[in-house]
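A.B. asks: Can you look at this prediction? I've put the sequence above it.
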Amino acid sequence: MRRRLSKGLLTLLALAPVTGHAKDKVAPDAFSVTMPAPPPAPPANGSIFQGAYVPLTSGGRAGQVGDIITIQLVERTAATKSNAAGTQRDGNIGLTPPSTGPLSLFNPSDVAMGGGQQFKGKGDASQSNALSGEVSVTVAAVYPNGTMLVKGEKLLTLNRGDERVQIAGIVRAIDISPDNRILSTRVANANIRYVGKGEIARASQQGWLQRFFSIISPF
């Protein structure tokens, strides 16, 4: 009997979904470095001007696949929400029985009624986050309207674990400064990930058995 219970518990532990720590599904090349394509061979037409050039007005700004752009992380968001509600209701009723007749046997206190109801509710929620730093990315694609798809990552190996900063999104060439820098607030469809693994990251998570009982607990 004990062996059956042990096997049943192990089966439940194996099948229990760990929803609290589910990882996002990220494509393997979502933040990979993009290298520039090899230039095509020049046509043998004897012409000096072939059309492949960078305008003088662009200077040294990134504008081709494989160019490097530095994104300055200046993310800072804050949100608060609060609500409150209260209700109150009172009621009383009293009847005075006649002094004569069969109802005179009742006292005035026997036919008096009263009731009250009161409710108070309040809720507050707040959330804020901040992220600063710099991450250099590469241009992965250049679109006809002048926007560019950029992506890249930075891996930091510390004493007690690894820290990884990943970013991908679309930028406009006009928002890039002459030194090839751009604010993260100018990145459209930005996908910014800051993840870590190691001893410190494991210490901040629940154990697998505790997560299992948290899932099946009705309280």
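C.D. replies: Great, that's in hand.
A.B. asks: For the rest of this, base every contact and every neighbour count on C-alpha atoms.
C.D. replies: Noted.
A.B. asks: just the helices in this structure please.
C.D. replies: For the chain, the helices identified by DSSP state H occupy 2-15, 199-203, 208-216, in order along the chain.
A.B. asks: Could you list the low-confidence segments of this structure?
C.D. replies: Low-confidence segments of the chain, defined by pLDDT under 70, are located at 1-26, 28-29, 31, 33-59, 94-113, 200-201, 219.
A.B. asks: what ranges do the strands span in it?
C.D. replies: 68-93, 113-142, 147-158, 161-172, 181-183, 188-198 (DSSP state E).
A.B. asks: Could you export the ones you listed as CSV, including mean neighbour count and distance to Ser204?
C.D. replies: What follows is the strands of the chain, written out as CSV (neighbours: other Cα atoms under 10 Å; distance: least, Cα to Cα, whole Å):
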stretch, mean neighbour count, distance to Ser204
strand 68-93, 12, 23
strand 113-142, 13, 18
strand 147-158, 18, 17
strand 161-172, 19, 13
strand 181-183, 19, 31
strand 188-198, 14, 10
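A.B. asks: got a markdown table for those strands, with distance to Gln206 too?
C.D. replies: Written out in a markdown table, the entries for the strands of the chain read as follows (distance: least, Cα to Cα, whole Å):
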| stretch | distance to Gln206 |
| --- | --- |
| strand 68-93 | 27 |
| strand 113-142 | 22 |
| strand 147-158 | 22 |
| strand 161-172 | 18 |
| strand 181-183 | 36 |
| strand 188-198 | 14 |
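A.B. asks: How much space separates Phe213 from Ala27?
C.D. replies: Using Cα to Cα, to the nearest Å, one obtains 32 Å as the distance from Phe213 to Ala27.
A.B. asks: Next: Val135.
C.D. replies: Look at Val135 and Ala27: by Cα to Cα, they are 20 Å apart.
A.B. asks: same deal with Gly66?
C.D. replies: Distance check for Gly66 against Ala27: by Cα to Cα, it reads 20 Å.
A.B. asks: follow-up on the earlier one: so which of Phe213 and Ala27 has more stuff around it?
C.D. replies: A count of neighbours by other Cα atoms under 10 Å puts Phe213 above the other of Phe213 and Ala27, at 12 against 8.
A.B. asks: Tell me who's in contact with that one.
C.D. replies: Applying Cα atoms under 8 Å, 6 or more residues apart in numbering, one finds that Phe213 lies in contact with no residue.
A.B. asks: wait, Lys154 sits on Arg164?
C.D. replies: Yes: with contact defined as Cα atoms under 8 Å, Lys154 reaches Arg164; the gap is 5.7 Å.
A.B. asks: Could you pull up the residues touching Ile176?
C.D. replies: Neighbour list for Ile176: Arg61, Ala62, Ile182 [criterion: Cα under 8 Å, 6+ apart].
A.B. asks: Next, the distance between the ends of stretch 180-188.
C.D. replies: In terms of Cα to Cα, the two terminal residues of stretch 180-188 are separated by 17 Å.
A.B. asks: So what touches it?
C.D. replies: Contacts of stretch 180-188 from elsewhere in the structure, counted by Cα under 8 Å, 6+ apart, are 60-62, 68-75, 169-171, 175-176, 190.
A.B. asks: Only C-alpha atoms, please: export stretch 72-89 in PDB.
C.D. replies: Presented in PDB, the C-alpha positions along stretch 72-89 are these (Å, rounded to 0.1, in the frame of the first residue of the first chain):
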ATOM      1  CA  GLN A  72      21.100  53.300 -24.100                       C
ATOM      2  CA  LEU A  73      18.700  51.600 -21.700                       C
ATOM      3  CA  VAL A  74      16.600  54.300 -19.900                       C
ATOM      4  CA  GLU A  75      13.500  52.300 -19.100                       C
ATOM      5  CA  ARG A  76      11.500  53.500 -16.100                       C
ATOM      6  CA  THR A  77       7.900  52.800 -15.600                       C
ATOM      7  CA  ALA A  78       5.500  53.200 -12.600                       C
ATOM      8  CA  ALA A  79       1.900  52.400 -12.200                       C
ATOM      9  CA  THR A  80      -0.500  52.800  -9.200                       C
ATOM     10  CA  LYS A  81      -4.100  51.900  -8.700                       C
ATOM     11  CA  SER A  82      -6.400  52.200  -5.700                       C
ATOM     12  CA  ASN A  83     -10.100  51.800  -5.000                       C
ATOM     13  CA  ALA A  84     -12.400  52.000  -2.000                       C
ATOM     14  CA  ALA A  85     -16.100  51.300  -1.300                       C
ATOM     15  CA  GLY A  86     -18.300  51.500   1.700                       C
ATOM     16  CA  THR A  87     -22.000  50.900   2.400                       C
ATOM     17  CA  GLN A  88     -24.100  51.200   5.500                       C
ATOM     18  CA  ARG A  89     -27.800  50.400   6.100                       C
END
